[in-house]
Structure formats: C-alpha cells, structure tokens
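Visitor: dropping the sequence and predicted coords here.
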Amino acid sequence: MEINAVLSMGVQGEEDSYAGKLHLIPPYLAFTSLDRKSVRFTLPLSTIRRVERLNARAGIYALSLSTWHGMKIIVQLTSLRPTADAFCSLLREALKVELQKGQMKAVKGFVRTCYSEVLVSTSSTAPDNEREDGSLINDAKEGSPPVEMEYHGGLGLRFKFPGDAKKLREASKVKLWTTYLRAHGRNLTLLRYPQCTRLVQVGLPNRLRGEMWETLSGSLYLRFANPGLYERLLEENKGRTSTSTEDIEKDLHRSLPEYAGYQSEDGINALRRVLQAYSFRNPEVGYCQAMNILAAAILIYMSEEQAFWLLEVLCDRLLPGYYSPSMHGTLLDQRVFESLVHRCLPIIHDHFQVVDVQLSVASLPWFLSLFINSMPMVFAFRIVDCFFCMGPKVLFQVGLAVLKINGEKLLQIQDDGGFLNLMREYFASLGESAHPNSSDPRARAITRFQELLLVSFREFAVITDDTILSERRKFRNEIIHSIESFSKRSAIRNLKSLGRFTKDQAGLIYDALYKAMCVVPPPPAVAPPASLFTTNDGNYDRPETRVGLRTFHVFLSEILTWARDDKVVINGFQQRVDREIAEHELIDRLFYFWDTSCNGALSLQDLVSGLEGVMFNDLMDNIEWFFNLHDKNKDGHLTKDEVLTLSESFLFIFRYEIGDAYLGAVSRFMTNAFEYGDALLPRQENGEPGESSPPHIASNQPYLNLATFRMVVLADEILEAFFETDLSASFRLEPVPDLELPTNNGFLGDLWSNIATADNKKFFNKLTDEVGKTIGRHQVIYRPSIGRFTKLEEPKARESLLSPAMKSGSAGADTDTLGTSKSSSSTLAVDAEAAQSSKAASAFSPLPMVKAANAALMERTPFAIDDAGDDSDSDLESDIPEDDDQVMDEVDAFLEAHDSGLTDADKELAKDLIDAEPVK
C-alpha cells in the first residue's frame, strides 16, 4: 500500500522536509520523494523500535518512527483520513508479524557485521543492553566495555586497498561520512538525503565502501533476509562440476592479476567460491565472461557473502541480460549508447560512420566491467560508487563525457586501433591536471578525472533513468531479432549433418524448436564429468541444449499434422481455429526412437536427423520406418502386442478422417496381419497324416517380420497410399509466426495491449461459446490430419493375397523366402557420436562485436596509481592536518537543485511536528 506523506527528520534544522510517497511492502517500509531522487529510504520493519501518533493540529495526521539506531523520523500522512487509518492498521499488523517471526532479534547480530557500527560506535544509541522492543535493561553496569564487533571486510584489509590513502584524503572522507551516518542512520536504517549522493560522488572511504555498495544497491537486505544461504549453497554443491565451474577455473588467474590479493591462493579461492556459488544459485545464467572482473573487484572491499549477494543484484536487477548466454542486455545498451551518441554528439557519430569505426569496440568493455578494466582502479571505483548510488544511467553519462572531452582527437582517428589507443592514453592520464598551463592554481588542481565527473553529471544530466528505459524499449525488438538471426545461423552452421535438408528448411526446424522452447523451456544443461569431455589439450565441447518430452510434444505439433488437434469452432459470433497438442503413446515412442544416444532428451541434430529419416522416404522406406518405430527390441520382428500397438497408432493418426474408409483399412490390417502371421508360422504335425495346426505363441514372442508387414500393408489401397505419400506429407515445414513482443505505441496502443491479452481472449472465446451453445449455434469441427477423402465413400479393398491353400491351413509357403535379416531393422539410427558433438539449438552466441571485445576485456592495462598504499588507522590519524574544505569543495561541485515539493506553509507545519508530543 502507498500513501502521500511528508518526511521530516526528528531533529530541528537537521534536514529539509520532503513530500513524497510512503510505501508499505511487508516486511519493508519505503519512502521516495516526488522527484524520485532527492530523498529515499528502505527500512526493514524489524528495525522500527516504536511508532507513535503525534498530537498535532486539527486535521493533521502524523506519526513518529524510532529506528534501531535511535533516529526519529516524522511522517505526516497527507491523504484522506480513512486512507491514513487503513495504512496505520496495516503497518501495525505487519510489525506484529515481524515480532512473531523473531526478525527483530536478528537485527542485533546482523548490524555487528557492518563497519559503520564501528565507525560511529561512540555515539550509538542502540547499546547491547537493549531489549528487542527498544527498552533498556537496567542492570547494565556503567563503564562496561562494549562488546567487540567483527565486521565484514574484503581482501583490502589484508592485502591493502588500491591507491594512496593520503592522496585519496581518506581521513577527511571518513570524518564526513561519520558525521552523516550519525545523523541519518546506517546500514539497515540509512536515509538517503541529497548530501548522501554528493558524498558518494566525491568517493567512499575504503573501509566503508563495501558496506555502502550493498546498502545503496539493496543487496544488504537480501543478505539480511537470507542468513547462511551462501554457506549452504557451497556445502550442498561441494565437489559438483558443471560447464560454469570449468569456465570459472579458466578465468580465475586472469582476474585483476596485478592486485596482490589475487597473487595468493586465499584470494583465488575466495573468488572461486563466490563465482561458483552464484552459478549454483542461478544455473540459467551460470557464468559469463567479465563476471570474474566484477567479482574480483568487489571482493577487495567486501566479504565473500557480501560479494555473492551484490553479484546477484548486479546480474539480475541492475544489469539484466549483461551476463546471460546471449548477452542481450549488453547488446541492447550498446545500441542505446550509439543512439545517445548520435543525439548528443552528432559530429563524432558521423565521423565514426565515415571512417567505419565501431563504437562498441571500446565502449563494450566499459559497460561490461563498469570501467574497472579500462581505467585505474582508484578512479574506476569512484565510477562504481556512483553506479550503485544513481543507477545504470551513470555508465551512459560517463561514456558520453569521455567521448566529448576527447572530441577533437576522436575526429582525427581513422580506424578502430587508433580509437582504442586514444582511449588507453586518456584513461592512463586521469590523475593528471586537466589545465596544466593555467595561471590559476585552483584550475591547475583540477584533475582530468574530476573534469570527467563534472562533465558527466552536469552536461549529461539530461540522460535520466526514463531516457534509458525509453531507448531500451525502442531498440528491444531490433536486438532480439538480431540475436535470434545470429543464433539461428550459428546453430545451423554447427550441425554436423543437414542430411537432405537445405539450410532454409533446417532454419524452419530451428524456428519450430525455438517456439516450443519458449512455450515449454528445456531443463538446464548439466555437464558430464570432466573426464568424459576433456581432451589432452584441455579443450572440451560445451554440452548442447536438449529438449525434453514435453517440449518435443510442442515442437512436433508445429510440424506434424496428426500431432495436434485443430478445431474449427463456430458459435454464431465468430469462427476460429483452436490448436491443442495431442497426447498419445505414438508421439512418446517417436521421441525415444529419435533419441539414438539414449540421453532422454533431443538436440537440434537429433531432430534434423530424425525428420530427414522420414520426410524424404518412398513407399518401401516409409513402411520400413514405421515398422522399426514399433519394433521395440530391434530384433526385426513385431510381437503380437506390438502389432496391436501399431494398429492403435493407425487409429490415432486417422482419428479425424472423414468417413469409415480409414477405420475399415485398420480393421482389415489387423485381420490380415494375424491371418498372414499365423499362416507363416512353422506348423506342428498332428497325429493324423496331412493335418497340421499353427503353434501357440506368446504375445511377447517374435511374430511378424518386415516382409510380412509389407505384404499386409500393400494388400490395402488406403494404407499403401498413406505410406507412399501421406505419411511424409504430414510433416510440414512452414514459417513460424513471430512471437508478439511488447511495443511502445502510445496511450491507445498500451490500452489495447492491456485489453487484448491472451487471458482476455480466452475469456471472450469461452463466453461466446457458451452463448452459442445456448442459442444452438455452437459447432466444433476437427480438421482431418490426412484429408485425402472428403466424401463419405470407401474405396474397395483388394482381395487377400493369401492363397486358398494357405487359408485352409496347409503349410505351402516357405517362410525363408519371406524372412529378412535383422540388419534391416534399424536403418534410420542416427550416429550417436554425431549427435553428441552437435551444438545446442538454443545456446545463444554473442554477436561478433562481443567476441571482438573479449580480448580487450581480458587484457587490463596496469596503472601505477593502483599500487596499494598503507591504509592503517594510524595513517588516517596523521599529524599532518587535512583540509576538509577541499573535499567539500569537490562535494559542492555536484550540488543540484532539489525540489522538496512543499510550500512555505507546509515547511513550517513540518517544523512544528518535530517538537510535537505523542498522543497519550
């Protein structure tokens, strides 16, 4: 539930009041100012110690909230009184639930893992002698030493942090942040006012950086809500291997190798555990290149558990699709970035078009690694600070600023190599003066990195979150089509054999399979043990994606007429065709028949080979194919049970044919099959000469061979026509209609898309069907699968080929002339090795520009400024005084106008509420 509210701090003159929306989303209470950027907070309900209604003027409904860290927040509910009462009632119930769940007890232990508790421990108002309701235990002794806290930290605590702490002015930053955190809460109770954003833009202190990253990104709340999950994931999957774990091992020693922490086994092992834990939790994503760079960077400032949850937020929410197999999020944002360059820097864009320079060659690694792999770490981490605070728009703003600052030099380049070299030189000089020849010492003191941030957040402030979302919607369909086309070409190119299919026909098979996978997604691929696919040179084939039985049913319904039920529904209001997937043992049998490698799943190569084995057959080949399909043990004979099963298959295929012609054909087939089968069995002589009787044979013993089956089929004109043309023709490769994707067509388009949903269409169809039944106009007609006969007339059957002597029981025919070798029973078997080595039908590959950027991504330029400096507490308390005003000057450079959304009268009322007493 949400409600209009005005937020004020409980201390007079501490902060301005802001109008906004208060959201109750159990177990969280959140606030956002009207401009959605000035003031925000997200409080777990378990951190709220007390809620009181204030005794204010008539018509004013205000609450006082006391948090775990002793802050007092005044919330004035400005909606109607019934709405305010309902909100308070829901808040009361949600707080009771949290108390009953015991979450309030967990807060005390959790906050001890946060460095901010140590930073402001001298002024903490939530001591250890406090009950979970906020009251104090009276028997606490005065002067008792505080309980020692063990906060989470990264590799930097042991191997030092990048950069020189004195040059980075760590002491001043720590002082400023300590002041802010004392007044505005910390970790779980942090209130984000404009001052917070400005301090983040100046840079976070090394020891506080990891905690602030997880607080600003929201991963802190995931860690709080899922205690111990990281350790359980590692324990439950101990010793497990997959494609992702193999890829992780390849990249471990290529992850920021210049940092001392990753020159030791401790750092490498920590990185391995974090990446593996994420791949186990999100098997669909698993592991993607560049994730190792991010994980290695954040592990410098965060513990393994913190890094694990931050990586999840990064990959799933902040940068969705960046690290998926298709990398569709990366490709989409590259297209958006090109569009923004065209709009904001048209001269540079036009020059790149003339000289054929690909912008993504340089910009793709910027986005994938958050600039960590492109510029010195001490500066890249400043970009990352802003990214977690302000969102993905920072990447676009900084990227545009880089191009604008280097605009004159960019107009001189002629190829991709010159572009990359220019960017490399620029990033290496970020610590130098932006105006070295200026006579003004203040101008000379401005570094190129400070200039970069100023241009990013001032000149490109027009690039907002809404801008990015709008551009993404604009280019989404284009990127999806591009990825699908590239994936399709790659999948077809990687097939070991197309058989007699053309590439276009194989493409239609791929389209049908892709649609089926969208309807029923296949299970995630599981890699076999390393010993099964690792060659002597250490290379191995990536396991291909295979579809299960349910997905196969959907796939086959797209290309096989008798694998679906097409119903023509007429109800007096409309005429439509409803398609349903048919369920029958024959389709399951076909699935396992094509699964020649016995994997219990089919690859694209299996499907192509299987279809090729039936769609190009002649009469005799089709008869043999159908026989082998029902010969379960592949011994060249059908048992009596298998003959009955084969007859049921005929009945399933012919279930919607007009008239009784096909039913009569199946009836004659059964009669002739058992008649011929009995006649060709060796006879047992009776006691009287000249008399013999067929032997008794069990239902699971060999009974009918291929040659006899051919005779039975050819004895019937309808079955002969079915095997000659109709069976192969029932497999139809037709273009699959494009899936409907959401588009941005304005208000009317959005209104129609909301009305014309699949559920609403089903409801409308059901409603019209019921009305049609009421008025007697409802009719359902099933389309025939074969459609050869359109009239109720039955062709005459051929006379039996069995001679009268054979019918009378004489053993005249020699069974040897009808026998066939067992080797003819499995001519359609697909080579298992070929199926194993085929590539996945749906395993997307990134576009060529992604591959071209991988080399740049994995080769990081070493920067001397990143050398770790001493960051001990003694250094932060250096005798040399630091001028905090210099840091604040940098803060002031980012000052923006923040609209509180309140009139002067509203502000005066908010001030009065600060001193109001609770209602008794």
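Guide: Alright, I've got the coordinates. Residues are numbered from 1 along each chain as shown.
Visitor: top helix in the protein by residue count?
Guide: helix 465-493 (DSSP state H).
Visitor: next SSE downstream of that helix?
Guide: helix 503-519 (DSSP states H and E).
Visitor: tilt between that following helix and helix 465-493?
Guide: Between helix 503-519 and helix 465-493, the angle comes out at 130 degrees (axes from the mean of the first three to the mean of the last three CA atoms, to 10 degrees).
Visitor: returning to that earlier point: list the buried residues for the longest helix of the chain?
Guide: 468, 471-472, 475-476, 479-480, 482-484, 486-488, 491-492 (16 or more other CB atoms under 10 Å). (C-beta placed from N, C-alpha, C; glycine too.)
Visitor: now for the residue lying closest to Ser324 once chain neighbours are set aside: which residues touch it?
Guide: The shortest distance from Ser324 to any non-neighbouring residue, by CB to CB, 6 or more residues apart in numbering, is to Val285 (5.7 Å). Contacts here follow CB atoms under 8 Å, 6 or more residues apart in numbering; on that basis Val285 touches 278-279, 315, 323-325.
Visitor: just the pLDDT for Val285.
Guide: Listed pLDDT for Val285 reads 88.
Visitor: what of Val891?
Guide: For Val891, the model assigns a pLDDT of 51.
Visitor: so what's the residue count around Ile786?
Guide: 21 (other CB atoms under 10 Å).
Visitor: quick one: stretch 723-736 to chain centroid distance?
Guide: Stretch 723-736 sits 36 Å away from the centroid of its parent chain (CA atoms, centre = their mean, to the nearest Å).
Visitor: actually stretch 202-222, not the one I wrote
Guide: That offset, for stretch 202-222, works out to 24 Å (CA atoms, centre = their mean).
Visitor: distance between the ends of that stretch?
Guide: Terminal residues of stretch 202-222 lie 27 Å apart, using CA to CA, to the nearest Å.
Visitor: flag every buried residue along it.
Guide: 202-217, 219-222.
Visitor: cool, stretch 759-778 as well?
Guide: Those would be 765, 768-769, 772, 778, for stretch 759-778 by 16+ other CB under 10 Å.
Visitor: and the contacts of stretch 394-407?
Guide: Here stretch 394-407 has contacts from 333, 336-337, 340-341, 344-345, 347-348, 363, 366-367, 370-371, 383, 386-387, 410, 422-423, 426, 448, 451-453, 455-457, 459-461, 463, 468, using CB under 8 Å, 6+ apart.
Visitor: domains in this structure, as residue ranges please.
Guide: Per automatic domain parsing, the structural domains of the chain span 2-137+150-202+867-918, 229-318, 328-477.
Visitor: turn the ones you listed into JSON lines, including distance to Glu675.
Guide: As requested, these are exported to JSON lines (distance: least, CB to CB, whole Å):
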{"stretch": "domain 2-137+150-202+867-918", "distance to Glu675": "74"}
{"stretch": "domain 229-318", "distance to Glu675": "56"}
{"stretch": "domain 328-477", "distance to Glu675": "62"}
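Visitor: if we can go back for a sec, so how far is the longest helix of the chain from its chain's centroid?
Guide: Counting by CA atoms, centre = their mean, helix 465-493 comes out at 15 Å from the chain centroid.
Visitor: so which elements touch that helix?
Guide: Helices and strands touching helix 465-493, by 3 or more CB pairs under 8 Å, 6 or more residues apart in numbering; DSSP states H and E, are helix 328-344, helix 393-405, helix 503-519.
Visitor: which of those helices sits closest to Ser244?
Guide: helix 328-344 (18.3 Å; CB to CB).
Visitor: quick check: buried residues in the closest one?
Guide: Under 16+ other CB under 10 Å, the buried positions of helix 328-344 are 328-338, 340-341, 344.
Visitor: what do you get for stretch 453-461?
Guide: 453-457, 460.
Visitor: just the ones of those residues in helices?
Guide: Short answer: these in helices (DSSP H) are 453-454.
Visitor: list the neighbouring strands of the strand or helix carrying Ala30 plus their orientation.
Guide: With elements taken from DSSP H and E, the one containing Ala30 is strand 28-33. Strand 28-33 pairs in its sheet with strand 18-25 (antiparallel), strand 40-44 (antiparallel), by DSSP bridges.
Visitor: ranking those strands by burial, who's on top?
Guide: Across the strands paired with strand 28-33, averaging neighbours per residue (mean count of other CB atoms under 10 Å) puts strand 40-44 on top, at a mean of 21.
Visitor: then that strand to CSV, C-alphas only?
Guide: Taking C-alpha atoms only, strand 40-44 is exported to CSV below (Å, rounded to 0.1, in the frame of the first residue of the first chain):
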residue,chain,number,x,y,z
ARG,A,40,14.8,7.8,-0.3
PHE,A,41,14.9,5.1,2.3
THR,A,42,14.0,1.4,2.7
LEU,A,43,13.6,0.3,6.3
PRO,A,44,13.0,-3.4,7.3
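Visitor: which residues are contacting that strand?
Guide: Under CB under 8 Å, 6+ apart, the answer for strand 40-44 is 27-33, 65, 67, 98, 103, 107, 185, 188-192, 218, 221, 224.
Visitor: how near is the closest residue to Thr551 other than its chain neighbours to Gly10?
Guide: Spatial nearest neighbour of Thr551, excluding adjacent residues (CB to CB, 6+ apart): Val520 at 4.4 Å. Separation of Val520 from Gly10 (CB to CB, to the nearest Å): 55 Å.
Visitor: next one: Val107
Guide: 20 Å.
Visitor: do Thr179 as well
Guide: Taking CB to CB, one finds Thr179 at 17 Å from Gly10.
Visitor: so where is the stretch 751-900 of the chain shaky, pLDDT-wise?
Guide: The model of the stretch 751-900 of the chain has pLDDT under 70 over residues 751-758, 789-860, 864-865, 868-900.
Visitor: what comes into contact with the helix or strand hosting Ile268?
Guide: Here Ile268, judged by DSSP H and E, is contained in helix 265-281. Helix 265-281 has contacts (CB under 8 Å, 6+ apart) with 155, 158-159, 230, 233-234, 236-237, 240, 242, 244-245, 248-249, 252-253, 255, 259, 261-262, 285-287, 291-292, 295-296, 299, 304, 307-308, 311-312, 315.
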